[in-house]
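Trainee: What shape does this take:
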Amino acid sequence: MEGTHVTTQSTPPSKGNLILRLRGVGKQFGAVTALEDIELDVHAGEVVALVGDNGAGKSTLVKVLAGVHQPTCGSIEYLGKPVSLDTPKKALEMGIATVFQDLALCENLDVVANLFLGHEINPWRMDEVQMEVRAWTLLQELAARIPSVREPIASLSGGQRQTVAIARSLLLDPHIIMLDEPTAALGVAQSAEVLNLIERVRDRGHGVILISHNMEDVRAVADRIVVLRLGKNNGVFTAETSHQDLVAAITGASENSVTRRAARKQQDSEAVQ
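Mentor: Modelled structure (predicted):
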């Protein structure tokens, strides 16, 4: 796929403007088709949730956008221009940042060191003061609950670690941030903290792609919900869509435990009336 190299040095897109457009994107691994005819739009200042069952193609699509995998067919437009995301470095330079589920944090280093790891200010003679000030400024803008930027990562909670990983992705001022299962293995309070952070990132004008299996988290923050099933698009929904309709789109079956439970509740409600 040929494409134009686009950097983020241009003026950030206004809220609601189209940042990313995928049309007919497919990915094959030998005889296996992981993605087929995928369409996806991401606008500035919105959260797009990407949901689907295991094997639906979510991880493959994220890796295509992160420059890890190259699509077999289809077109990708970024800021209105066709692009080729052939390396993770190019995707990051264009303005597509990814926070994978493992977070890739160094537990023995403090928050500042993790935020600037690989992107140190004046690496030949590191400006620790400027890095610390910038770290505090960014975390305060995000209203992050981090006790100290000199706190080692090992002493932070799961939600605080996720916050540091998201803040690190914002340092290069990307236009799009992809979050892979950001609330997995977190408690209720920590999950709420991360969801609040996602909303603040959206309010800053970034486009957010959220990959999650938790439908309550998705419905809490997503502006649009894109369902993948067996490597194909299977509908675009909103947070107002019923839980049973989302489950039906994800599983491909309109008859399941969720729909049966909803039907029983409806019958009980009618019986009471």
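Trainee: only C-alpha atoms for contact and neighbour calcs from this point on.
Mentor: OK.
Trainee: where do the helices sit along this protein?
Mentor: When assigned using DSSP state H, the helices of the chain occupy the ranges 58-65, 88-94, 111-115, 128-141, 158-170, 188-203, 215-221, 243-251, 257-272.
Trainee: Out of the ones you listed, which one sits most buried?
Mentor: The highest mean neighbour count among the helices of the chain, using mean count of other Cα atoms under 10 Å, belongs to helix 111-115: a mean of 24.
Trainee: what does that helix rub up against?
Mentor: The set of residues external to helix 111-115 that reach it, using Cα atoms under 8 Å, 6 or more residues apart in numbering, is 105-106, 131-132, 135, 148-153, 164-165, 167-168, 171.
Trainee: what does stretch 65-72 give?
Mentor: Residues from elsewhere that reach stretch 65-72 (Cα under 8 Å, 6+ apart): 1, 25-28, 60, 63-64, 85-92, 96-98.
Trainee: One more pass at 7 Å, please.
Mentor: Stretch 65-72 is touched from outside by 25-28, 63-64, 85-88, 91, 96, 98, with contacts defined as Cα atoms under 7 Å, 6 or more residues apart in numbering.
Trainee: Just checking, which of the residues you listed comes out lowest on pLDDT?
Mentor: Of all those, Asp86 has the smallest pLDDT value, namely 90.
Trainee: quick one on the thing from earlier: which one among the contacts of stretch 65-72 gets closest to Ala49?
Mentor: Thr98 (14.2 Å; Cα to Cα).
Trainee: quick one on the thing from earlier: can you say which of the helices of the chain is nearest to Tyr78?
Mentor: For the helices of the chain, distance to Tyr78 was read as Cα to Cα. The smallest value, 8.4 Å, belongs to helix 88-94.
Trainee: May I have the closest one exported as PDB, CA atoms only?
Mentor: This file holds the C-alpha atoms of helix 88-94, laid out as PDB (Å, rounded to 0.1, in the frame of the first residue of the first chain):
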ATOM      1  CA  PRO A  88       5.300   1.600  14.700                       C
ATOM      2  CA  LYS A  89       7.700   4.600  14.600                       C
ATOM      3  CA  LYS A  90       5.900   6.100  11.600                       C
ATOM      4  CA  ALA A  91       2.500   5.600  13.200                       C
ATOM      5  CA  LEU A  92       3.700   7.300  16.300                       C
ATOM      6  CA  GLU A  93       5.300  10.200  14.400                       C
ATOM      7  CA  MET A  94       2.000  10.700  12.500                       C
END
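Trainee: Any stretches of the stretch 1-150 of the chain with poor pLDDT?
Mentor: Confidence mapping of the stretch 1-150 of the chain against pLDDT under 70 gives the ranges 1-12, 121-126.
Trainee: in it, which spans are strands?
Mentor: With DSSP state E, counting those that start in this stretch as the definition, the stretch 1-150 of the chain shows strands at residue ranges 18-29, 32-43, 47-51, 73-78, 81-82, 96-99.
Trainee: So which of the ones you listed is nearest Met215?
Mentor: Nearest of the strands of the stretch 1-150 of the chain to Met215, taken as Cα to Cα: strand 47-51 at 8.5 Å.
Trainee: Okay, now the sheet partners of that closest one, with direction.
Mentor: Based on DSSP bridges, the pairing partners of strand 47-51 within the sheet are strand 207-211 (parallel), strand 224-229 (parallel).
Trainee: Redo those as TSV? Include mean neighbour count.
Mentor: Output for those, formatted as TSV (neighbours: other Cα atoms under 10 Å):
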stretch	mean neighbour count
strand 207-211	26
strand 224-229	23
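Trainee: would CSV of these with distance to Gly74 and mean pLDDT be doable?
Mentor: Converted to CSV, the strands paired with strand 47-51 look like this (distance: least, Cα to Cα, whole Å; pLDDT from 0 to 100):
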stretch, distance to Gly74, mean pLDDT
strand 207-211, 20, 96
strand 224-229, 17, 96
